[in-house]
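Visitor: No sequence on hand, only this structure:
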């Protein structure tokens, strides 16, 4: 698993993987391609950005944190400069010297500058957008404004924290985005969360958005990366009844709220969750901490309980945690196979409006990405606006 001590080979693989992913995504069309990284996941970030830039990625989209240092890093990488990114350390103790995640582009490329992709920050409020625009070490080219109804990780509510009867966090007036402030920032923004109808698209345009981010409708189309068997199961569930989506405060080890869709044979079922042996062998969401010996270690609240507590973690932090690394890999058909041919169970994340895919299934059992676009554009003049797809 990746650490700040990772050998050069690890960076090589990350650069190659990002290059291949973007190069394949750019084949067969002349549209733009972006990549989406979590600020919380630090160690693979810079090599991944560089590999994507080698393949000509057009946009970098980042949330799950405040990525003020990424715009400047993109400038450095475009100029072929070496990059140092300070490793975030959790807890009350910090080492005498904070480890640096060092990356040298000269190992991979030496024939001039690269195109600097546009940087888009994912924010949940106009306050965060303003802070990111002012504090970043390079230009921020736009924002995706994600509402609480969006899938995946959500920002926690601002102000006093309360939950409803189902345990979902309650969002209030302080979480309402002031789009007039967004317009004053002078860069385009896209609105995400609950974009399932042409009326919602039109509403986004009327608020001043350059376009929309659409995740849920595309997640269940034929071209998505979801395991086909799992996708067909969800579509059948939506057609026969409805699928429930909860905003779990426990599922993600990051501490951020995380949307989980209820589905049979997934980790959302209590018996499957309890039956899974806790393992941490992918490790992207681990956090760095200072051990009692003064060295840097790594832990995750979803790892085996005894190991987490031994590393100084609190027992109560482990309750209800889900291994998102293994679960999401299973969702896209890359689940690890354990002893006895047992495969890691998937976890499905989705926006609140999952059941609003039903109109796309009228008279059929599946639909394609072109059907989603036609559905959302119905009666709307789009004027070459860009829709960011997925999270």
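Guide: Sure, I can see it. In this text, all values refer to a predicted model and were calculated from it rather than measured experimentally.

Visitor: Local confidence estimate at residue 97?
Guide: If you check residue 97, the pLDDT there is 77.

Visitor: Burial check on it, number of neighbours?
Guide: If you count neighbours by other CB atoms under 10 Å, residue 97 ends up with 6. Where C-beta positions appear, they are placed from N, C-alpha and C, glycine not excepted.

Visitor: for residue 77, same thing?
Guide: Neighbour count for residue 77, taken as other CB under 10 Å: 25.

Visitor: pretty sure it is touching residue 114, no?
Guide: Yes: here residue 77 reaches residue 114: they are 6.9 Å apart, a contact under CB atoms under 8 Å.

Visitor: Mutual contacts of those two, please.
Guide: Taking CB atoms under 8 Å, 6 or more residues apart in numbering as the criterion, residue 77 and residue 114 both touch residue 53.

Visitor: what secondary structure does the nearest residue to residue 126 once chain neighbours are set aside sit in?
Guide: Of all residues not flanking residue 126 in the chain, residue 181 sits nearest, at 4.0 Å (CB to CB, 6 or more residues apart in numbering). Put simply, residue 181 is helix when judged by DSSP: H, G, I helix; E, B strand; the rest coil.

Visitor: now residue 37
Guide: Per three-state DSSP, residue 37 ends up strand.

Visitor: How about it, nearest residue that isn't a chain neighbour?
Guide: Closest residue to residue 37 apart from its sequence neighbours, by CB to CB, 6+ apart: residue 62 at 5.1 Å.

Visitor: what's the offset of stretch 7-17 from the middle of its chain?
Guide: In terms of CA atoms, centre = their mean, to the nearest Å, the centre of stretch 7-17 is found 21 Å from the chain centre.

Visitor: residues in contact with that stretch?
Guide: Outside stretch 7-17, the residues that reach it (CB under 8 Å, 6+ apart) are 2, 44, 47-48, 50-51, 54, 103, 107-108.

Visitor: Now, those residues that are in strands?
Guide: Residues of the contacts of stretch 7-17 located in strands (DSSP state E): residue 103.

Visitor: nearest to residue 161, of the contacts of stretch 7-17?
Guide: Nearest to residue 161 out of these is residue 44 (CB to CB; 31.1 Å).

Visitor: contacting residues for that closest one?
Guide: If a contact means CB under 8 Å, 6+ apart, then residue 44 has 2, 14, 284 as its contacts.

Visitor: This protein: strands as residue ranges?
Guide: For the chain, the strands defined by DSSP E cover 34-38, 59-63, 83-86, 89-90, 100-103, 118-123, 142-146, 189-192, 211-214, 245-248, 258-261, 287-290, 296-299, 388-389.

Visitor: With respect to residue 380, which of those lies nearest?
Guide: That would be strand 211-214 among the strands of the chain, by CB to CB, at 10.6 Å.

Visitor: Near the residue lying closest to residue 69 once chain neighbours are set aside, how many other residues are there?
Guide: Nearest non-adjacent residue to residue 69, counting by CB to CB, 6+ apart: residue 137, 5.7 Å away. By the criterion of other CB under 10 Å, residue 137 has 13 neighbours.

Visitor: Which phi and psi values does residue 137 adopt?
Guide: Main-chain dihedrals, residue 137, degrees, to the nearest 10: phi -90, psi 20.

Visitor: residue ranges for the helices of the stretch 101-250 of the chain, please.
Guide: For the stretch 101-250 of the chain, applying DSSP state H, counting those that start in this stretch gives helices covering 126-135, 179-184, 198-206, 216-219, 228-240.

Visitor: What are the contacting residues of the longest one?
Guide: By CB under 8 Å, 6+ apart, the residues outside helix 228-240 that reach it are 220, 224, 243, 261, 263-266, 331, 333, 346, 348, 354-355, 357-358, 361, 365-366.

Visitor: Can you tell me which of those are classed as buried?
Guide: Neighbour counting by 16 or more other CB atoms under 10 Å classes 220, 224, 243, 261, 263, 266, 331, 346, 348, 354-355, 357, 361 among the contacts of helix 228-240 as buried.

Visitor: tell me the two of those that are most distant?
Guide: 346 and 361 (21.1 Å).

Visitor: Setting aside sequence neighbours, what's the nearest residue to residue 48?
Guide: Among residues not flanking residue 48 along the chain, residue 18 sits closest, at 4.5 Å (CB to CB, 6+ apart).

Visitor: Next up, the contacts around the one you found.
Guide: 35, 47-52, 55.

Visitor: let's go with 7 Å and repeat that
Guide: Residue 18 makes contact with 48, 51-52, according to CB atoms under 7 Å, 6 or more residues apart in numbering.

Visitor: just for the stretch 1-150 of the chain, where's the confidence low?
Guide: Residues of the stretch 1-150 of the chain that meet the criterion pLDDT under 70 lie in 92-93, 110-111.
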